[in-house]
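1. Sharing a model that was predicted from the sequence below.
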Number of protein chains: 2
Amino acid sequence: MSQWHPPAYAGPVTGRPTLNQRRRDATRLEIAHTAAALFAERGVEATTAEEIALASGISLRTFYRYFSVKEDAVAPLLAAGGRRWVDQFAASATDLPVREALRRSAVASLTPADDSAAEAMQWTRSLLRDPRLDGTWQRVHADSEERLRVVLAERCPNGTDPLEIRLAAAAATTAIRVALEEWAGSDAPATGPGSPQDLGARCMDELTAGLRLWAA
Amino acid sequence: MSQWHPPAYAGPVTGRPTLNQRRRDATRLEIAHTAAALFAERGVEATTAEEIALASGISLRTFYRYFSVKEDAVAPLLAAGGRRWVDQFAASATDLPVREALRRSAVASLTPADDSAAEAMQWTRSLLRDPRLDGTWQRVHADSEERLRVVLAERCPNGTDPLEIRLAAAAATTAIRVALEEWAGSDAPATGPGSPQDLGARCMDELTAGLRLWAA
DNA sequence: GCCCAAGTGGCACAACGTGCCAATAAGTCT
DNA sequence: AGACTTATTGGCACGTTGTGCCACTTGGGC
């Protein structure tokens, strides 16, 4: 029952993951899609772990080998965007100011690149509306926050205040989370004004400027 | 099983809560203390709901009438600080800049006023170290964030961008959360450098200044 | 072929959380 | 005070969750 502790980030991957590993990841994703469909259709509460397992063509026992908690079955989908964000940021030019690199990668990762990304976005919306997934959602962001913190630390000169690094990562993650939650609660489309990338950009700018509202 | 949805904030309390209500709240707190002691002693995992119930002198069934999830039994303790924070902010002079009012109430609510407050702080630390309480901890902050958002909205002129208000509340809550987590992870005492109020003040200042690190 | 490791399924089981109903306690009215 | 209504409690049954254990299969390397 010990919840989803994401694998510790061990730096850029060396060599290609083993075949078995990739098969496992594929199964993982397949279960995630099955679970998302069921959750979106009848809600998390009314969906049993056994149903997800059977619909995925595996046994209940095996399901719990992939996800230690029923709700976490959709975590790979909810976490995908955040991973893209941090990865893109990590790969961005180091001569760019941090705020600019963060902003660009955020907007990019919030913009649906293809149809499947757009579909994932819609799924995110319906999943976010189910309060039983609150925990999973928060854990996903805790993961993003930690990953971003590590990347950010690498980018900073040694001796930078750890508190400062952590806060910067937390604040950026919060901006993205607020943007996504605001969008999920609205009925705005996935592009244009009110879209995640629009709200995300505004939130990031607001933070960079030092929260104008606080000066009021 | 539907997790802890805190009662919606219905403005300043009119009249005194009924006798029964106060009795209920007292029981609630008593259970919370019992649970905290057990959780801190042997961990959340190794503590059953029934043990908490019996140690509190109630039946298992009644326990679940007070808390819909075992972990939430300590929520009242974890949430107390946040409530004080928001309440103090709500009561602060309106001619003070928001950032200053936020900062002062934060520092005040993070400073142990008496012995029992200091004790609660130590409990918070041990509870925060149990990963099984992550969910509860996050929900507590989601609650703080929402309460703060409401209070903040009342303080703002009508027509203020709701996104801006929400982000401001979220950012402030994040600052407090980071400060507390950093403290809980360290071995710093509850007062002086490295204490929650010290870290909290630094985080708030950092946010107000617009996250210097982002400019790097 | 054999061997070893990883993955899978089945089964039993403690714990979780809820619905339901009877018993009790608290508050109200005459 | 007694009768009546309402909230709170406890007990019980039940479906679901998540885990430990072991036997079985799969696949890759020798």
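-> Perfect, thanks for sending it. Residues are numbered from 1 along each chain as shown, chains lettered A, B, ... in the order given.
2. and the closest residue to DNA strand C within chain A, what pLDDT?
-> Nearest residue of chain A to DNA strand C (CB to the nearest atom of the strand) works out as residue A:62 at 2.9 Å. All C-beta spots, glycine's among them, are computed from the backbone N, C-alpha and C. pLDDT, residue A:62: 97.
3. host element of it?
-> Applying DSSP states H and E as the criterion places residue A:62 in helix A:60-66.
4. which stretches of chain A form helices?
-> A:19-42, A:49-55, A:60-66, A:75-91, A:98-110, A:115-128, A:134-155, A:162-185, A:196-208 (DSSP state H).
5. can you put these in CSV and add mean neighbour count and distance to residue B:34?
-> Shown next, in CSV, are the helices of chain A (neighbours: other CB atoms under 10 Å in any protein chain shown; distance: least, CB to CB, whole Å):
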stretch, mean neighbour count, distance to residue B:34
helix A:19-42, 16, 35
helix A:49-55, 17, 31
helix A:60-66, 14, 31
helix A:75-91, 20, 33
helix A:98-110, 21, 44
helix A:115-128, 16, 35
helix A:134-155, 20, 24
helix A:162-185, 22, 33
helix A:196-208, 22, 41
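6. residue contacts, the closest residue to residue A:105 other than its chain neighbours?
-> Of all residues not flanking residue A:105 in the chain, residue A:88 sits nearest, at 3.8 Å (CB to CB, 6 or more residues apart in numbering or on different chains). With contacts defined as CB atoms under 8 Å, 6 or more residues apart in numbering or on different chains, the neighbours of residue A:88 are A:104, A:105, A:108, A:109.
7. So which bits of chain A are right by DNA strand C?
-> A:20, A:21, A:24, A:27, A:57, A:58, A:59, A:61, A:62, A:65, A:66 (CB under 7 Å from any atom of the strand).
8. Tell me how far the third one lies from chain B.
-> Spatial separation of residue A:24 from chain B under the definition CB to the nearest CB, to the nearest Å is 24 Å.
9. related to what we said a few turns ago, for the residue nearest to residue A:105, report the pLDDT, please.
-> pLDDT for residue A:88: 97.
10. The one 3 residues further on too?
-> Residue A:91 carries a pLDDT score of 96 in this model.
11. likewise residue A:209?
-> For residue A:209, the predicted pLDDT is 79.
12. what's the neighbour count on it?
-> 12 (other CB atoms under 10 Å in any protein chain shown).
13. Go ahead and confirm residue A:75 touches residue A:139.
-> Yes - Residue A:75 is within contact range of residue A:139, at 7.3 Å (criterion: CB atoms under 8 Å).
14. Which residues does stretch A:171-179 contact?
-> Counting by CB under 8 Å, 6+ apart, A:82, A:85, A:102, A:106, A:110, A:141, A:144-145, A:148, A:196, A:199-200, A:202-204, A:206-207, B:163, B:166-167, B:170-171, B:174-175, B:207, B:211 sit against stretch A:171-179.
15. what's the answer for stretch A:34-42, then?
-> A:47, A:51-52, A:55-56, A:73-74, A:77, A:123, A:126-127, A:130, A:133.
16. distance between stretch A:91-109 and the chain's centre?
-> Centroid separation for stretch A:91-109 versus its chain: 17 Å, with CA atoms, centre = their mean, to the nearest Å.
17. pLDDT below threshold where in chain A?
-> Along chain A, segments meeting pLDDT under 70 span A:1-18, A:210-216.
18. Repeat the analysis, applying 50 as the threshold.
-> A:10-14 (pLDDT under 50).
19. residues in it within reach of DNA strand D, list them.
-> A:1-2, A:19-20, A:47-50, A:60-61, A:64, A:68-71.
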